[in-house]
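J.: fold the following, please.
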Amino acid sequence: MDNSSRFLELRDTYKEFYFNEYTIHEDDDGIYLEFDFEIPGLTKFNPRYKILRKSLGFKSIDSNYVRNMVFHIGLIELISYWKCACSPKIVVKCGFLNDEQIAWWKKLYFYGLGELFYRNNINVDIQNFVSIECLGNNIEYEKIEDESNGYIVPIGGGKDSVVTLETLKVDVKNDFCLIVNPKTATLQCAEVAGFEYNNIIEVYRSIDRNLIGLNDQGFINGHTPFSAMLAFLTYFVAYMLSKKYVALSNENSANESNIIGEKVNHQYSKSFEFECDFIEYADKYLKAPVKYFSFLRPLNELQIAKIFSRHEKYHSVFKSCNVGSKEKEWKWCCNCAKCLFAYTILSPYLYKDKLVKIFGEDLFEREDLLQIFIDLTGNGDVKPFDCVGTFEEVNYAISKTIKNIEEKADQLPYLLRHYKDNYSLVNVEDDITLRYNEDNNLNEEQNELLRREVFLSDK
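T.: Okay, the predicted model is just below:
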């Protein structure tokens, strides 16, 4: 049975998905969030979060503000579980959403699952793919005004958050970085930046094993909008720690669709559209004195790579390979689109010896990566479903690297030789690393810091 038929069968069998309850409690070790989801006739799910207490100075959890934020974390967490059967109705038994909120959540679910729908050949529209019914009571409170200040910067282990940390010039003694399910690479990036133990917020998010079991049985599986979960989680943590800013590291390149002419974006919840939607929603329905924004929104991936190339102290510790992150020791797998993209986008600045030292081999000599290489350049059928940059950035980086190599009279490696033999080089004199996108949510001071770094990096 193909996935589209399986989708219809599951929806017909499991007609409702319940969000039964959410709880929050604490002890000396941490703050705990737990959610109770259910697909009647199939199974229950109880995903959990643990935020290590350390000596972070959290606010009291006994408030309507906290309960409302935890409820909203549950609303984004549930999509990972709803997707396995794609029930046509979600019943929220533990909270309230008005019609405007329901429409907002349906938009996030629909476009956040765009890749999953596309790759599973599921044809649905935003109006009819799910209905949401709320049976719980509304949580009433006024907007908070307090003296919050400082930053929380989520760290994923890759080059982007490093550039945010170094350019934003966070105060590592008073500000915080936040890591979900810490691994060696993420912790090392925080430590290299200068954060000490008590300024690293560690969040442990556990997936219910029942979901893993259903995935193994052939239920619907695929990409979910992780960065939307991160938005609600970091907003909550910022409120709990009286921090004013949550500074993400999503770039302008995240706006590009994977499918030309269609709104199917692996990075939808990293897009400027989602960022603006979240800011508006949070101001109206979460009401805390927290400013969520992406510091790198004015930049493209090539600009970020250019800036990152100057921060050599991170070169031996950063990682962004999703395949390798699943191993006990996070490594560059050197076989996926994310690895080849990272290699390519850094190549104008670090090729060859420094890049080979980072990745362990010259990926441009890998003949078996040719199809991924073609897809990254836009000469294939589909842009790889991964957090990779735009076709323009990739083609510029390749052309720039080819020019650099030829100026040294060195021999081109296999993939770059293929590119030159089959495609036209772009004009690298039109320097795309000197752009600055004004469609962003940075304030004047933040914009000035970033502009200074963009033009400094050209020297």
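J.: for the lowest-mean-pLDDT helix or strand in the chain, which outside residues touch it?
T.: Across the helices and strands of the chain, mean confidence by mean pLDDT, DSSP states H and E is lowest for helix 3-13: a mean of 90. Under the criterion Cβ atoms under 8 Å, 6 or more residues apart in numbering, residues 1, 41, 84-88, 120-123, 218-220 lie in contact with helix 3-13. Where you see a C-beta, it was placed from the backbone N, CA and C, and this is true even at glycine.
J.: how about it, which residues are buried there?
T.: For helix 3-13, a neighbour-count test (16 or more other Cβ atoms under 10 Å) marks 3, 6-7, 10-11 as buried.
J.: pLDDT score assigned to K459?
T.: Turning to K459, the model gives it a pLDDT of 44.
J.: same thing with Q303?
T.: Q303 carries a pLDDT score of 96 in this model.
J.: next one: phi and psi at it?
T.: The phi and psi torsions at Q303 (degrees, to the nearest 10) take the values phi -60, psi -40.
J.: how many neighbours does the closest residue in space to it that isn't next to it in sequence have?
T.: Leaving aside its sequence neighbours, Q303 sits nearest to T433 (Cβ to Cβ, 6 or more residues apart in numbering; 4.8 Å). One way to gauge burial is a neighbour count; for T433, by other Cβ atoms under 10 Å, it gives 22.
J.: for the one 3 residues further on, same thing?
T.: Taking other Cβ under 10 Å as the criterion, the count of residues near Y436 is 15.
J.: that one touches R452, doesn't it?
T.: No: counting by Cβ atoms under 8 Å, Y436 stays clear of R452, with 11.1 Å between them.
J.: residues in contact with the host helix or strand of R452?
T.: Using DSSP states H and E, the element containing R452 is helix 444-456. Contact partners of helix 444-456, identified using Cβ under 8 Å, 6+ apart, comprise 163, 167-169, 293, 295-296, 298-299, 303, 307, 433-434, 436, 440, 442.
J.: any stretches of the stretch 51-200 of the chain with poor pLDDT?
T.: Segments of the stretch 51-200 of the chain classed as low confidence (criterion: pLDDT under 70) are not present in this model.
J.: the strands in it, which residues?
T.: Listed in chain order, the strands of the stretch 51-200 of the chain (DSSP state E, counting those that start in this stretch) span residues 89-92, 131-134, 151-154, 176-180, 200-206.
J.: could you dump the ones you listed into JSON lines and include mean neighbour count?
T.: As requested, the strands of the stretch 51-200 of the chain are exported to JSON lines (neighbours: other Cβ atoms under 10 Å):
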{"stretch": "strand 89-92", "mean neighbour count": "19"}
{"stretch": "strand 131-134", "mean neighbour count": "16"}
{"stretch": "strand 151-154", "mean neighbour count": "24"}
{"stretch": "strand 176-180", "mean neighbour count": "23"}
{"stretch": "strand 200-206", "mean neighbour count": "19"}
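J.: out of these, flag the one nearest G213.
T.: The stretch from the strands of the stretch 51-200 of the chain with the least distance to G213 (Cβ to Cβ) is strand 200-206; that distance is 14.6 Å.
J.: which ones are touching T401?
T.: Under the criterion of Cβ under 8 Å, 6+ apart, the neighbours of T401 are 344, 347-348, 351, 416.
J.: do that again at 6 Å, thanks
T.: With Cβ atoms under 6 Å, 6 or more residues apart in numbering as the criterion, the residues that contact T401 are 347-348, 351.
J.: just the pLDDT for it.
T.: According to the model's per-residue confidence, T401 sits at a pLDDT of 97.
J.: what helix or strand is it located in?
T.: Using DSSP H and E, T401 sits within helix 391-407.
J.: and the very next helix or strand once past that helix with helix 391-407, angle?
T.: Once helix 391-407 ends, the next helix or strand along the chain (criterion: DSSP H and E) is helix 414-422. Angle between the axes of helix 414-422 and helix 391-407 is 100 degrees (criterion: axes from the mean of the first three to the mean of the last three Cα atoms, to 10 degrees).
J.: buried set for helix 414-422?
T.: Going through helix 414-422 with 16+ other Cβ under 10 Å, the ones that come out buried are 414-416, 418-419.
J.: so what does it touch, helix or strand wise?
T.: Taking 3 or more Cβ pairs under 6 Å, 6 or more residues apart in numbering; DSSP states H and E as contact, the helices and strands that helix 414-422 lies on are helix 391-407.
J.: sort out which residues of the helix it packs on are buried, please.
T.: Of all the residues in helix 391-407, those buried under the rule 16+ other Cβ under 10 Å are 391-402, 404-405.
J.: and which of those is nearest to I73?
T.: The closest of those to I73 turns out to be E393 (Cβ to Cβ; 33.2 Å).
J.: for the stretch 351-459 of the chain, which spans come out with low pLDDT?
T.: Judged by pLDDT under 70, the stretches of the stretch 351-459 of the chain that qualify are 457-459.
J.: how about a cut-off of 80?
T.: 456-459 (pLDDT under 80).
J.: for E145, which non-adjacent residue is closest in space?
T.: Distance criterion Cβ to Cβ, 6+ apart; nearest residue to E145, sequence neighbours excluded, is P289 at 6.3 Å.
J.: how about the one you found, phi and psi?
T.: For P289, the backbone dihedrals (degrees, to the nearest 10) come out as phi -80, psi 60.
J.: I figured it hits S148, correct?
T.: Yes: judged on Cβ atoms under 6 Å, P289 makes contact with S148 at a distance of 4.8 Å.
J.: surely F308 is in contact with D160?
T.: No: taking contacts as Cβ under 6 Å, F308 lies outside contact range of D160: 8.0 Å.
J.: these two: who's more crowded?
T.: Comparing F308 with D160 by other Cβ under 10 Å, the one with more neighbours is D160, at 28 against 23.
J.: if I look at that one, how far off is S227?
T.: Note on D160: its distance to S227, by Cβ to Cβ, to the nearest Å, is 12 Å.
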